[in-house]
Structures are given as structure tokens and as C-alpha cells.
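**Student:** Model the following, please.
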Amino acid sequence: MKNSFLKPFFMVLIASLVLAACSKYPGYSKTSSGLYYKLYKVGKDTTKPRPGDWISIQYSMVGVSKGKDTLLLDSKKQGIGPVMMQLPKSDYKGDIYEGMEMLATGDSAVFIVNADSLFKRTFRQPVMPKFIDSNSVIKFHIQMLSVDKPEAMAKREQENLKKYIETNHITATPYPDGVYYVEETAGKGAKIDSGCMVKLHFIVSTIDGKTIYNSHDRTEPMEFEYGKHFDTRGLSEAIGQMKQGTKAKVIVPSSQAFGEMGRGNIIPPYSTIIYNVEIVGVQSKAAYEKEQAAKKKKEEAEKEQAKKQEPGLISKYLKTNNIKVKPTASGIYYVEKVKGTGPQAMPGKKVKVHYTGTLLNGTKFDSSRDRNQPFEFTLGKGEVIKGWDEGISMMRKGGRATIIIPSSLAYGDRDQGVIKPYSTLVFDVEVLDVK
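**Tutor:** The predicted structure is shown next:
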């Protein structure tokens, strides 16, 4: 669980941290191990975490440069937290984990740790960033939201499960491992055996009713080969009792779901999971593979047809819209609408643009204008499709143009949803800035 807490720290530090030496910390206390801290809020709870306990925190990172504090990361403002983590043992005396052990629920404090030690011993980075030296420091602002013992969490899960069973009048006898299977609609189709390909829709929620995932949001049902791992052991076990057309509720305790670790910040540790499952289809593996082969053959035929039709569709579009410009050597059509008077957009320059993208039939697939958020990228670095790199390099700041890009300089034979294979793209682009 260390990685889920440390990774954002490391990424932000690598990207933007420039720290200077700090030698005095007025207002801070110092532990015997050398950790500087300032406790600025004390809660009513006195129970402090020990390694192995689960804690929930909000945190921020602050770099200190020439006496000035610079905010680098804030879990509350940046949507990262609250972060739930199992407190590990300290990596060394005076590290940030030692600081966390000092806080009870409701407490808030600032800790100052040596950046050199943090990178080498906590982040375990073999090569130090150039801006880090033995005097650089990082401030961690930590608010302790909760402290939980694993035993108490396991007990609470059992109490919540019992209450759920009673409240929902569930009379089904659980499996020996604790999974409840509640059939709501009996299936009449094929039985699910090992090796079968199963198509299903399911909704995943926590026992308190919070929806975690809904496969109905997809355009197609989920598919998997029965007998291979699928989401959780408890769900796989229950699916083995189903047939095509079955609808059922499956109640899976954490021991058969995500256990004492949970799943990141999505599913807390010791969480019972509720599945509402509908089996849409059951096929033998051979029948499924035959169906997939036919589907792939059809897609390839459609791609080949689209490839053949593209030149004619471009010609028709040019004629319909009275576009008489000649294509570039690569095949794009550049139609200038407003001539820019500012700096030229050149490879290596960062450009800011507004754009609207449509297909030849007028279907809009994207627009920065609709989002009211200009798009920035570095020209010529492959950050965008090739047709953009070429077309926008013909523009200046303040210019506006229509750029018609054949599929060979866009997404080619790839299916991008609305943008089908061998689709020519039309962009109305305005260059707002070049720097």
C-alpha cells in the first residue's frame, strides 16, 4: 500500500520541485529521532495508529525555497484524497511514517523531512534528482481523518452484513465461504460450464448502497471465459450456478472479494460487495471463437471498403464546398480563412489553439470551443496526429484555417468510436498563441 501514497509525491517532486536549504524552523518541535513537527489541531480521540493499522488522511506537500513556502500538491484540492492506507513500519528514524504515528483522529500537523533521505530511503530512488541535496526539505501537512484497527474493521463488516441480510429479508443460506446467492429470475438457457464464454451485465455496489461500477454504461455486455478469474472469487463462484437469462443478487464478503486491502480508494478494506447480475449470453468456446472470427472478417471487409471509398468522398466534399486549393505533398488540404500576423507556428514551439473537428458528413466529434478550453501542445513532437503537426505549422498567431486531413495522417485503420477506420477529418482551427 505504500505505492498508492508515495507515487503522487514522487511524480510531483520530479516534475516541479526546486528546494533550497533550510536550517531553522521557528515554532517547530523536534523528536529524539530528529523529526521536526508542529501540531496545530488536536482532536478529542487519543488513539494513535501503529504499523498495520488503517488510516485515512488528507495531505499536502510544500516545498521550501529561500524562505518561501510553495504548494506542490494538495489531496483535497486536486481530488486525490482522502487517502486510505495501511500504515507501514518506518523506513528510518525521523521519516514521515513516524510522524503519522504521532497523530490521533482529528489531529493535524506539519512535518519537515529531509528530501535526500526521503528519496533514497522511502522512495528508494537509486539516482537522485539534480535539485536534491542533503539540506533540501519537504513539508508534509497531514490531517488524520480516521484510525482503524484491522480487527475492528473485520468485526464491523460482520455487523453490517448481518444488518443488511435482516433489513432486506434475505433467507438464502450462504455458501460455506459466506457468499449469498439470491436468484431473482431463473434462467432457461445454456448452463455455464468451465470454458464457456459468458456475456453479462452487472452492477457493483457497496453494502451501504454506493454504486461502484455499472456495466450498462457500456455499449456491449462484459465477456469472459468461465473458469478464469473474473473480478472476485465470490462472483465467479455464484456465476457457476447460473444459466443464460438468470438474474441474481450476489452478496460477497470481503474474504471472497478484495479482502483486507480493498481496491485503492474505490473499495475500502473489509468491504462486503453486492453484485446485481444478469447473464445475457452463454456460448461454447468453439462457438464464440467462430463468432469472433466472422466478426473480424466483417470488420476487415468494412475497412477495405472504407479505404477504397475515401478518395471519392474527399473529392465529393471538396466539390460540394467549392474548395479549389491543391493538396500538400502528403495529402492535406489547407484552406486559410484569416491570415495570422503574429509569430509563425514552427516545430518546437508551443501553440495554443481552439478547434472544432468534424467528419466529411458534418458529424462533430470534438471541439475545444464547446469546452471553452483551448488546447496546448508542442508542435512537431508527435503529441498530435501528423496532419495537425503539418497543417498548423502553416499558420501564424491570430490565423484561422480549415485543415482537411486524410486518414493516412490521422487515425488510419483504427476505430476511434465516432471516427471510423479510414475517416478523413476536417478541422476548423484558430491559433491563439505561439511561444
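**Student:** show me where the stretch 151-300 of the chain has helices.
**Tutor:** Along the stretch 151-300 of the chain, the stretches classed as helices by DSSP state H, counting those that start in this stretch are 233-239, 285-320.
**Student:** Ok, the stretch 1-150 of the chain next?
**Tutor:** Secondary structure of the stretch 1-150 of the chain (DSSP H, counting those that start in this stretch): helices located at 2-16, 96-100, 115-117, 150-167.
**Student:** hang on, the earlier thing: can you put the helices of the stretch 151-300 of the chain in JSON lines and add distance to residue 142 and mean pLDDT?
**Tutor:** Bear in mind the C-beta positions are built from the backbone N, C-alpha and C, glycine included. Converted to JSON lines, the helices of the stretch 151-300 of the chain look like this (distance: least, CB to CB, whole Å; pLDDT from 0 to 100):
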{"stretch": "helix 233-239", "distance to residue 142": "35", "mean pLDDT": "95"}
{"stretch": "helix 285-320", "distance to residue 142": "51", "mean pLDDT": "92"}
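**Student:** nearest to residue 357, of those?
**Tutor:** Among these, helix 285-320 comes nearest to residue 357, with 14.4 Å by CB to CB.
**Student:** Low-confidence regions, the stretch 51-200 of the chain specifically.
**Tutor:** The stretch 51-200 of the chain contains residues with pLDDT under 70 at 64-68, 128-134.
**Student:** Could you chop this protein up by domain?
**Tutor:** Domain ranges of the chain: 2-148, 152-283, 308-434, per automatic domain parsing.
**Student:** Compare those and give me the one nearest residue 302.
**Tutor:** Comparing the domains of the chain against residue 302 with CB to CB, the closest turns out to be domain 308-434 (7.6 Å).
**Student:** Reformat the domains of the chain as TSV; add distance to residue 292.
**Tutor:** Formatted as TSV, the domains of the chain follow (distance: least, CB to CB, whole Å):
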stretch	distance to residue 292
domain 2-148	36
domain 152-283	9
domain 308-434	16
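**Student:** To residue 294, which of the ones you listed lies closest?
**Tutor:** In terms of CB to CB, the element of these nearest to residue 294 is domain 152-283, at 12.8 Å.
**Student:** mind checking the end-to-end distance for that closest one?
**Tutor:** 44 Å (CA to CA, to the nearest Å).
**Student:** try stretch 181-192
**Tutor:** First residue to last in stretch 181-192 (CA to CA) measures 16 Å.
**Student:** Buried residues in it, which are they?
**Tutor:** Neighbour-count burial for stretch 181-192 flags 181, 187, 190, 192 (criterion: 16 or more other CB atoms under 10 Å).
**Student:** Among these, find me the one that's closest to residue 240.
**Tutor:** Distances from residue 240 to those, taken by CB to CB, are shortest for residue 192, at 6.1 Å.
**Student:** Tell me if I'm right that that closest one and residue 283 touch.
**Tutor:** No. Residue 192 is beyond contact range of residue 283, at 10.3 Å (criterion: CB atoms under 8 Å).
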